[in-house]
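Visitor: need the 3D shape of this:
(chains A and B)
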2 protein chains.
Amino acid sequence: MSLSTPAGYHALDERTVLDFLDGVPDLRARLGGSPESWAVQEVGDGNLNMVFLVDGPDGSLCVKQSLPYVRAAGESWPLPLDRAFYEQAYYRAVGPHVEGLTPHFYYYEPALYALVMEKLSPHIILRRGLIEGRRYPDVARHVGDYAARACFATSDFGLTIEEKAELNATFARNTSLIRITAEVVFTDPLSTSPRNRWTSPELDDLARTFRADSALKATVADWGWRFLTNGEALIHGDLHSGSVMVTETDTRVMDPEFSFVGPIGFDVGAFIANLVMNFFAQPGHASASDDRRAQADWVLDQVPVFWDAFESRFLSLLETGSRGDVYTAGLFTSPADQQALATQRRAILDKIFGDAVAYAGVKTIRRILGFAHNADFERITDHAKRAPLETKSIQLARRFLLEPESFRTAADIVAAARAI
Amino acid sequence: MSLSTPAGYHALDERTVLDFLDGVPDLRARLGGSPESWAVQEVGDGNLNMVFLVDGPDGSLCVKQSLPYVRAAGESWPLPLDRAFYEQAYYRAVGPHVEGLTPHFYYYEPALYALVMEKLSPHIILRRGLIEGRRYPDVARHVGDYAARACFATSDFGLTIEEKAELNATFARNTSLIRITAEVVFTDPLSTSPRNRWTSPELDDLARTFRADSALKATVADWGWRFLTNGEALIHGDLHSGSVMVTETDTRVMDPEFSFVGPIGFDVGAFIANLVMNFFAQPGHASASDDRRAQADWVLDQVPVFWDAFESRFLSLLETGSRGDVYTAGLFTSPADQQALATQRRAILDKIFGDAVAYAGVKTIRRILGFAHNADFERITDHAKRAPLETKSIQLARRFLLEPESFRTAADIVAAARAI
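Guide: Reported below is the predicted structural model:
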């Protein structure tokens, strides 16, 4: 390890992870037997961390550990270890409110910056499933419900001023990952940055045109400011289809290390963007036996399913679950008050939707012109196939940002995506 | 002291404050001589604290100490002492950026929750001066310049993500004063609360009408949510004319204990509201020799002077002083980019102005129907005179909130106030 790390930290490997688990009685008991009988596999394929799956005679576990650099970039891009702290803090804050829609969280070892959680099996990453042409009848509804519950519970509607202040104070310091988002989502993709890449040479002209689009850049910069200042709730911060594990019937949201107190629409928009990108990518995964048209239609139809689930849950929580210091009940007593309050609640949801459309635009652009790309497009190895699909997706993203008045409902998004 | 306080804390009096100062070499040296030669006077006439002015042979000091309750309400309304910590933290954060527009800050004693600052002399409170019919040719420009400098320097334009995070994390916990604002500004005045009072019986009907105004309450509640979530800058939090000390040529902003990372428009709106209230109050201070019409006109004209100073300073800092992680320079390189950036900067100022109008409305309503009233109106002892002036003021405040499209510029505010 050439990067300096705090005393007590060492990057786990498939051997030392067993020693670590053996040293924690509760974890050892969950696995059963002794380390010699435990099977371990390192499976981290994300951008940042080590992930070990461990099976014992009585049970299984997942260990996720921070590395002192961005795994996808190597040691040349150092990254503080403390993101594991924020990930476990998010699970602790949100877990009780989301009805089993996150993995069970068991243990956090501060010295190792390692979390131990439920090993999800036979779950796979939602993105992979969608790319492979699978359908998950409940996933959009589940994730919509999740986002509504998680954001509501950690907002000023669900928390007192003092409780929200604790989240603000704690997560404000998750600056290394907040900085990554600010840079790779809001700044780099429309700038000249060595971290950017795109399908080249096919999209060279498009990338140049986007980098010269002054109105688009000013708008994206403005959303970057709002991202940093609009502290509505403890948000997941990276709620794309790669952060969701699924089976036919079960859905779990994971990887909340980017969490901080930010705009609710950022989570909502991230999921919408990833559904829409997968919709556009589907023809690239067609085979002789499946043109993927039905799959594409199904994926796109999940946008309103997701939003409707989010909206109805958030509205119902506003109506029945508010316990914070905003919109306090004592202000609204008469039937006319209730009417005005209902109108205002609609306005809150409309605000979140408007934000989500814009953030969906930003998140799409960064996946096509920026550092981290989506497998949805990347797995289409033929550039001649991939480039026109990415072009459709990014042109819709541009409209999300520059024509917000055209996207008032989830149905507007579906119609616009189909029309391209 | 019947309320429990931390070890080491005792409420200072005119004798023990001298012992405290005597024990700090730097402060003793500033006063010169020995405690026997020091003159002391307790002058706290605000709502919350003890304030001692101390004069020695070589110099003078001001000591401000937190009490464990709201001074204006008595021990029945306990209040944590830590507001003194936030006050000194604000001075430290903002002082270097505001070119002498705050008192010089000398010392903070954590155990006593006591700040030691410059004694301002012969300054008086701006509100008092305005009520007495005095004019301060520079004050509106100074306070506008102050608000722009202080807010810019502590915003994402003036700070890196990491620096802003430190302010977020520190000031998030100023919850006792954030709660007071949330309650007495955004909730109580339009609810039934034992803390409310108004000019009675003259305004009984008006208070009832306002409490039944569903649209107004929904709007005020929404601004209360924005107040808690819109973390644009470290704001003063209580920037009314009672927080400004003046001479003919010098202006100092003080009492930042309500500071937290919030919406810039809240500071801007507070000062506008207090100018407009003073304008409406002027006829109530008329005498045989001075009908106060010229004074009223002068006060109202300070609204655009204040806003223009704020706007031009904030714009010029955006253009030349940005060093944060938003609107980064690398995004805007071509002449067309610069044009788009200029448009967006105007939009930022328009956003702050729109927020300020709404917060001015909220802050006015609370001064006429809520807990803490303004001397501007209170010193008009004849209810028959006072009530119609308060009525004019609060009706304009209601329009600020319900007809925002009518108030696009500071001139719109002046015209509407004159037309009432």
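
Visitor: list of residues touching stretch A:406-420?
Guide: If you take C-beta atoms under 8 Å, 6 or more residues apart in numbering or on different chains as the criterion, stretch A:406-420 is touched by A:272, A:276, A:279-280, A:300-301, A:303-304, A:306-308, A:350, A:353-354, A:357, A:392, A:395-396, A:399-400. Heads up, the C-betas are built off the backbone N, CA and C, glycines and all.

Visitor: typed the wrong thing, it's stretch A:38-53
Guide: Residues from elsewhere that reach stretch A:38-53 (C-beta under 8 Å, 6+ apart): A:11-14, A:17-18, A:21, A:31, A:54-56, A:60-67, A:70-72, A:79, A:83-84, A:119, A:242, A:255, A:257, A:372.

Visitor: so for it, what gets flagged as buried?
Guide: Along stretch A:38-53, these residues count as buried under the neighbour rule (16 or more other C-beta atoms under 10 Å in any protein chain shown): A:Trp38, A:Val40, A:Gly46, A:Asn47, A:Leu48, A:Asn49, A:Met50, A:Val51, A:Phe52, A:Leu53.

Visitor: please apply the same query to stretch A:154-164.
Guide: Within stretch A:154-164, the residues that count as buried by 16+ other C-beta under 10 Å are A:Thr154, A:Ser155, A:Asp156, A:Phe157, A:Gly158, A:Leu159, A:Ile161, A:Glu163, A:Lys164.

Visitor: which ones, among those, also lie beside chain B?
Guide: A:Asp156, A:Ile161, A:Lys164 (C-beta under 8 Å from any C-beta of the partner chain).

Visitor: what is the nearest of the buried residues of stretch A:38-53 to chain B?
Guide: Nearest to chain B out of the buried residues of stretch A:38-53 is A:Leu48 (C-beta to the nearest C-beta; 18.0 Å).

Visitor: got the domain ranges for chain A?
Guide: A:16-118, A:124-419 (automatic domain parsing).

Visitor: and the ones you listed as JSON lines, adding distance to B:Gln344 and mean pLDDT?
Guide: Converted to JSON lines, those look like this (distance: least, C-beta to C-beta, whole Å; pLDDT from 0 to 100):
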{"stretch": "domain A:16-118", "distance to B:Gln344": "30", "mean pLDDT": "94"}
{"stretch": "domain A:124-419", "distance to B:Gln344": "4", "mean pLDDT": "97"}
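
Visitor: which of those is buried the deepest?
Guide: Ranked by mean neighbour count, the domains of chain A are led by domain A:124-419 with a mean of 21 (mean count of other C-beta atoms under 10 Å in any protein chain shown).

Visitor: that domain spans what distance, first to last residue?
Guide: For domain A:124-419, the first-to-last residue distance is 31 Å (C-alpha to C-alpha, to the nearest Å).

Visitor: cool, and stretch A:205-224?
Guide: 25 Å.

Visitor: so that stretch, near chain B or not?
Guide: Yes. Against chain B, stretch A:205-224 shows contacts by C-beta under 8 Å from any C-beta at A:Ala212, A:Ser214, A:Ala215, A:Lys217, A:Ala218, A:Thr219, A:Val220, A:Ala221, A:Asp222, A:Gly224.

Visitor: contacting residues for the fourth one?
Guide: In this structure, A:Lys217 makes contact with A:Leu190, A:Arg211, B:Leu331, B:Phe332, B:Asp337, B:Ala340, judged by C-beta under 8 Å, 6+ apart.

Visitor: OK, contacts around the third one?
Guide: The one in question is B:Leu331. So B:Leu331 contacts A:Thr187, A:Leu190, A:Ser191, A:Lys217, A:Val220, A:Ala221, B:Asp337 (C-beta under 8 Å, 6+ apart).

Visitor: any chance of the buried residues of stretch A:154-164 in a markdown table, plus secondary structure?
Guide: Listed next are the buried residues of stretch A:154-164 as a markdown table, based on DSSP: H, G, I helix; E, B strand; the rest coil:
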| residue | secondary structure |
| --- | --- |
| A:Thr154 | coil |
| A:Ser155 | coil |
| A:Asp156 | coil |
| A:Phe157 | coil |
| A:Gly158 | coil |
| A:Leu159 | coil |
| A:Ile161 | helix |
| A:Glu163 | helix |
| A:Lys164 | helix |
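
Visitor: go ahead and flag the most central residue of chain A.
Guide: Closest to where the C-alpha atoms of chain A average out (C-alpha atoms, centre = their mean) is A:Leu239, at 1.4 Å.

Visitor: so where does the closest residue to chain B within the stretch 251-400 of chain A fall, helix or strand?
Guide: Proximity of the stretch 251-400 of chain A to chain B (C-beta to the nearest C-beta) peaks at A:Ala340, 3.7 Å away. Assessed by DSSP states H and E, A:Ala340 sits inside helix A:335-369.
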